[in-house]
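In: with the input below, show me the fold.
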Amino acid sequence: MAYSTKRRFMAGAVCPRCSKMDSIVVYNLDGKDFRECVSCDFKEEMRINIATGELETRVNQVREDAHETQVINIVSPDSKH
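Out: Numbering: from 1, shown residues only. This next block holds a predicted model:
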């Protein structure tokens, strides 16, 4: 249950049937979420799938070489080697 039983307008939402903007209301009825257009007869139950786990990205991966230290020598262009 994501919405209250009180009907509330969804700002910026466009009706998929009549294409009017700001005409969609969302509400909860008997434990189910609905969206409805006030301009036409469009009404639909909203089914929201909640992700159960975290998506694997480069930020949350454990790298094997993360503990290795690499030494870098900075050489001035003026120095003669």
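In: can you pull out the strands in this protein?
Out: 8-9, 24-29, 32-37, 43-46 (DSSP state E).
In: any chance of those in CSV, with distance to residue 55 too?
Out: For every residue, glycine as well, the C-beta is placed using N, CA and C. What follows is the strands of the chain, written out as CSV (distance: least, C-beta to C-beta, whole Å):
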stretch, distance to residue 55
strand 8-9, 30
strand 24-29, 26
strand 32-37, 24
strand 43-46, 22
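In: need those strands in CSV with distance to residue 16, mean neighbour count and mean pLDDT, can you?
Out: What follows is the strands of the chain, written out as CSV (distance: least, C-beta to C-beta, whole Å; neighbours: other C-beta atoms under 10 Å; pLDDT from 0 to 100):
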stretch, distance to residue 16, mean neighbour count, mean pLDDT
strand 8-9, 16, 12, 94
strand 24-29, 9, 16, 94
strand 32-37, 8, 16, 94
strand 43-46, 8, 11, 93
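In: buried residues, stretch 14-26. List them.
Out: 15, 23-26 (16 or more other C-beta atoms under 10 Å).
In: which of those sits closest to residue 7?
Out: Closest to residue 7 out of the buried residues of stretch 14-26 is residue 25 (4.4 Å), distances taken as C-beta to C-beta.
In: OK, contacts around that closest one?
Out: Listed by C-beta atoms under 8 Å, 6 or more residues apart in numbering, the contact set of residue 25 reads 7-10, 35-38.
In: show me which pair in these is furthest apart.
Out: Among the contacts of residue 25, 8 and 37 lie farthest apart (C-beta to C-beta), at 13.9 Å.
In: quick check: the nearest residue to residue 6 once chain neighbours are set aside vs residue 15, distance?
Out: Nearest residue to residue 6, sequence neighbours excluded (C-beta to C-beta, 6 or more residues apart in numbering): residue 27, at 6.6 Å. Counting by C-beta to C-beta, to the nearest Å, the gap from residue 27 to residue 15 is 15 Å.
In: ditto for residue 76
Out: For residue 76 relative to residue 15 (C-beta to C-beta), the value is 66 Å.
In: so where do the helices sit in this structure?
Out: Here the chain has no helices by DSSP state H.
In: quick revisit: with respect to residue 47, which of the contacts of residue 25 is nearest?
Out: Using C-beta to C-beta, these come closest to residue 47 at residue 35, 11.1 Å.
In: no further queries at this time; thank you.
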